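Trainee: attaching a predicted model along with its sequence, questions to come.
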Amino acid sequence: MDLSILPIIPIVLLVACVIGLAVGLLIVGQVLNPARPGAVKQMPYESGMDPIHDARRRFDVRFFLLAIAFLVFDVELLFLYPWAVAGRNDECRMMNDELPAGTLSNLAADIHHSSFYIHHSPVPRPPSPVPTTNRHMVFAGAMTFIALLVLGFVYDWRKGVFQWR
Amino acid sequence: MPPVLESLLKIAVLVGGLMTAAAYLVLVERWIAAWVQDRLGPNRVGVPLTKIRLFGLGQPVADGVKFLTKGEFTPGQVDKILYFVAPVAIFVAAMAAFAVVPLGSVVLPASWGFDGPVRLAVAPGLDVGMLYIFAVGSVAVYGVVLGGWASNNKYSFFGAVRSSAQLISYELPLGLGILGVILATGSLRLDNIIVEQARSGTWNVFVQPLGFVVFCVAAFAEAGRLPFDLPEAEQELVGGYHTEYLGVKLMLFMVSEFLHMILAAFLIVILFLGGWHFWGLTGSAEAVSWPVALLRVVVLLAKVMGVILFFMLARWSWPRFRYDQLMEVAWKVMIPWGLINVVVVATWMEYGVQLARPWNLSAAQGMAIVGWGVLLLCWLATTIIDPTASGNRPRRDLSVNDNCSE
């Protein structure tokens, strides 16, 4: 079995081993020390007071809006990772910096052959005589994306989402 | 040696080493606490059945035996299944994140049954290392929330609610801090990030200090260390989400907490402090024979130990944040700083060579100057505006007499 093809196998092994270790420790604990329950031991510990009711009540979770904002920003952040990786690989570094900004007609073709996919595909793209993507366009696109992110962030801030109430 | 056997060997070394490290870091932490508070600390337990004290080095073993021989009862009010799932989940997630962390560089074969070069990580071939650590790290939130909810105790529940808000809030600055490093390296693999720093001889902390600050603060918060240990604020919440846990289950929670700290220290060292690289000592080749490789492992672990000591000193140096301040530091300070860092680094990576040329600087020198300048500006702007103080001042539009007129 060649692990370089499936790099996930060692992780599966590790997780299996660790689950085994944790469950084994729990079982050892249970075997070494059988439970000796008592009426007071069975109560929830609330600083020695008798609990008034259990914890399964409605509770005002105040950071509800924060959780939604987190979801939005985290997913948007995730979109920046492919750009951060692909913007620095060899294919992208070879792009011509001095290309005038007017050559945008090939942009649609480039989205299809974007360097991110090319880099990871086993078959190399045949070398094209003229670089088809303008680096400045990629950078401007990423900056526009970040600007939209900041816009949403400022809107949330002004709306008081981050204000603890 | 068959690859699966090699993996199992690495897993055994990793799990054994981490469990031992977590146990002994508890002792180190107690020593440091004693040193800070000017007392002796644990120095009694040594070799059992003798009078040899050995500076208290037997303490972790004694603690482990005590955890294992604690009466294992389950409180009556808990959710029986989730109560046991929670510690296992958090422990497995904490341990699994180490699968892609390189513990050294690539070692050329020394013919002890290895055919090819040995990579000192359990899963070296994974291209998405950083994303994997993020994904697995997020599972820790499940352990905390499950533990707090299954306990059916109000203290546990409040601890879990606080903790989930804190962990998700600080995940954003964590991601933003890393994004700058990935922009500079162009790879999500941790060993590539180290090699890039070793090759250029410039650690990322020198050129991206703002990202370093953001990442450090977020890593402290994700590890739940003291300035940010709201999830288990003892004085308010008894034990936080593990109030109702005891024995082995409590031990799993405690070990995971230390594993989170070790992971945070490893990430800080690998992403920003150059990993195994040290000038004039370790060289910068990607693969080396075993004497140099051993030196690199020592350098890496020494740096990690230094960061962990910093974590522990920080714990005994700062008071805990108030909860609203904690959230505001995340959302109103750290995320704007992280966004500024990303924009600055991206701009410099794109146009740095042209921008630095008129001043006869190299791109790295220019980046360092710009980075420290931006850090200074951000710090000045934040101290002047200070959202954590100005955002929740008492309301001036109400007259004082309205509140106490009764």
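Mentor: On my side now, so go ahead.
Trainee: can you pull the residues of the stretch 301-406 of chain B lying near chain A?
Mentor: Contact residues (C-beta under 8 Å from any C-beta of the partner chain) of the stretch 301-406 of chain B with chain A: B:323-324, B:327-328, B:331-332, B:335-336, B:339, B:342-343, B:346, B:349-350, B:391-392. For glycine as for every other residue, the C-beta is placed from the backbone atoms N, C-alpha and C.
Trainee: report the buried members of the residues you listed.
Mentor: Buried by 16 or more other C-beta atoms under 10 Å in any protein chain shown: B:323-324, B:327-328, B:331-332, B:335-336, B:339, B:342-343, B:346, B:349-350, B:391, out of these.
Trainee: which stretches of the chain have low pLDDT?
Mentor: Chain wasn't specified; assuming chain A. For chain A, the stretches flagged by pLDDT under 70 are A:1-5, A:88-134, A:165.
Trainee: wait, chain B was what I had in mind.
Mentor: In chain B (pLDDT under 70), the answer is B:1, B:110-115, B:230-236, B:388-406.
Trainee: quick check: the residue of it nearest chain A.
Mentor: Of all residues in chain B, residue B:186 sits closest to chain A, at 2.6 Å by C-beta to the nearest C-beta.
Trainee: so how far is stretch B:325-343 from its chain's centroid?
Mentor: 18 Å (C-alpha atoms, centre = their mean, to the nearest Å).
Trainee: leaving out sequence neighbours, find the closest residue to residue A:15.
Mentor: Leaving aside its sequence neighbours, residue A:15 sits nearest to residue B:96 (C-beta to C-beta, 6 or more residues apart in numbering or on different chains; 5.2 Å).
Trainee: also residue B:363?
Mentor: Closest to residue B:363 by C-beta to C-beta, 6+ apart is residue B:352, at 4.3 Å.
Trainee: which strand or helix spans that neighbour?
Mentor: helix B:335-356 (DSSP states H and E).
Trainee: in PDB, could you pull the C-alpha coordinates for that helix?
Mentor: Provided in PDB are the C-alpha atoms of helix B:335-356 (Å, rounded to 0.1, in the frame of the first residue of the first chain):
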ATOM      1  CA  ILE B 335     -10.400  41.200  13.100                       C
ATOM      2  CA  PRO B 336      -9.700  44.800  11.800                       C
ATOM      3  CA  TRP B 337      -6.000  44.200  12.500                       C
ATOM      4  CA  GLY B 338      -6.100  40.900  10.700                       C
ATOM      5  CA  LEU B 339      -7.800  42.400   7.600                       C
ATOM      6  CA  ILE B 340      -5.200  45.200   7.500                       C
ATOM      7  CA  ASN B 341      -2.400  42.700   7.800                       C
ATOM      8  CA  VAL B 342      -3.800  40.600   4.900                       C
ATOM      9  CA  VAL B 343      -4.100  43.700   2.700                       C
ATOM     10  CA  VAL B 344      -0.600  45.000   3.500                       C
ATOM     11  CA  VAL B 345       1.000  41.600   3.000                       C
ATOM     12  CA  ALA B 346      -0.900  41.000  -0.300                       C
ATOM     13  CA  THR B 347       0.100  44.400  -1.600                       C
ATOM     14  CA  TRP B 348       3.700  44.000  -0.700                       C
ATOM     15  CA  MET B 349       3.900  40.500  -2.200                       C
ATOM     16  CA  GLU B 350       2.400  41.800  -5.400                       C
ATOM     17  CA  TYR B 351       4.300  45.100  -5.800                       C
ATOM     18  CA  GLY B 352       7.000  44.900  -3.100                       C
ATOM     19  CA  VAL B 353      10.000  44.600  -5.500                       C
ATOM     20  CA  GLN B 354       8.900  47.700  -7.400                       C
ATOM     21  CA  LEU B 355       8.100  49.700  -4.200                       C
ATOM     22  CA  ALA B 356      11.400  48.900  -2.500                       C
END
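Trainee: burial of residue B:366, as a residue count?
Mentor: Residue B:366 has 18 neighbours, counted by other C-beta atoms under 10 Å in any protein chain shown.
Trainee: doesn't residue B:361 make contact with the residue nearest to residue B:363?
Mentor: No. Between residue B:352 and residue B:361 there is no contact under C-beta atoms under 8 Å: 9.5 Å.
Trainee: looking at those two, which is more packed in?
Mentor: Per other C-beta under 10 Å, whichever of residue B:352 and residue B:361 has more neighbours is residue B:352, with 20 against 16.
Trainee: flag every residue of the stretch 101-250 of chain B that's near chain A.
Mentor: B:122-127, B:131-132, B:151-157, B:161, B:165, B:168-169, B:171-172, B:175-176, B:179, B:182-188, B:238, B:243-244, B:247-249.
Trainee: out of these, which end up buried?
Mentor: B:122-126, B:131-132, B:151-157, B:161, B:165, B:168-169, B:171-172, B:175-176, B:179, B:182-188, B:238, B:243-244, B:247-249.
Trainee: can you list the domains in chain B?
Mentor: Using automatic domain parsing, the domains assigned to chain B come out as B:1-69, B:72-321.
Trainee: need those domains in TSV (columns: distance to residue A:31).
Mentor: Listed next are these as TSV, based on distance: least, C-beta to C-beta, whole Å:
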stretch	distance to residue A:31
domain B:1-69	10
domain B:72-321	9
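Trainee: which of those is buried the deepest?
Mentor: Stretch with highest mean neighbour count among the domains of chain B: domain B:72-321 (a mean of 21; mean count of other C-beta atoms under 10 Å in any protein chain shown).
Trainee: chain center to that one: distance?
Mentor: Per C-alpha atoms, centre = their mean, the centroid offset for domain B:72-321 relative to its chain is 4 Å.
Trainee: how long is that domain from one end to the other?
Mentor: 35 Å (C-alpha to C-alpha, to the nearest Å).
Trainee: before we move on, back to that, look up how far residue B:65 lies from the residue nearest to residue B:363.
Mentor: 57 Å (C-beta to C-beta, to the nearest Å).
Trainee: and residue B:26, by the same measure?
Mentor: 14 Å.
Trainee: then residue A:54?
Mentor: Shown here: residue A:54 relative to residue B:65, a distance of 34 Å by C-beta to C-beta.
Trainee: distance-wise, check residue B:59 relative to residue B:26.
Mentor: Between residue B:59 and residue B:26 the distance is 8 Å, computed by C-beta to C-beta.
Trainee: cool, and residue B:276?
Mentor: Using C-beta to C-beta, residue B:276 is found at 26 Å from residue B:26.
Trainee: can you pull out the strands in chain B?
Mentor: Under the criterion DSSP state E, strands of chain B are mapped to B:106-107, B:118-119, B:287-288.
Trainee: and residue A:9, how many neighbours?
Mentor: Neighbour tally, residue A:9, other C-beta under 10 Å: 17.
Trainee: from the chain's centre, how far out does the helix holding residue B:352 sit?
Mentor: Distance of helix B:335-356 from the chain centroid (C-alpha atoms, centre = their mean) equals 25 Å.
Trainee: can you list contacts of that helix?
Mentor: A:73, A:80, A:87-88, A:135, A:139, A:142-143, A:146, A:149-150, A:153, B:172-173, B:175-177, B:179-180, B:183-184, B:208, B:210-211, B:213-214, B:362-363, B:365-367, B:370-371, B:374, B:378, B:382 (C-beta atoms under 8 Å, 6 or more residues apart in numbering or on different chains).
Trainee: same check, this time on stretch B:293-307
Mentor: Against stretch B:293-307 from outside (C-beta under 8 Å, 6+ apart): B:103-108, B:120, B:262, B:265-266, B:268-269, B:273-278, B:281-282, B:288.
Trainee: quick check: phi and psi on residue B:126?
Mentor: Backbone dihedrals for residue B:126, given as degrees, to the nearest 10, come out at phi -80, psi 120.
Trainee: now it. Nearest residue, chain neighbours left out?
Mentor: Leaving aside its chain neighbours, residue B:126 sits nearest to residue A:7 (4.6 Å; criterion: C-beta to C-beta, 6+ apart).
Trainee: would you confirm that the residue nearest to residue A:15 contacts residue A:14?
Mentor: Yes. Taking C-beta under 8 Å as the definition, residue B:96 is a contact partner of residue A:14 at 6.1 Å.
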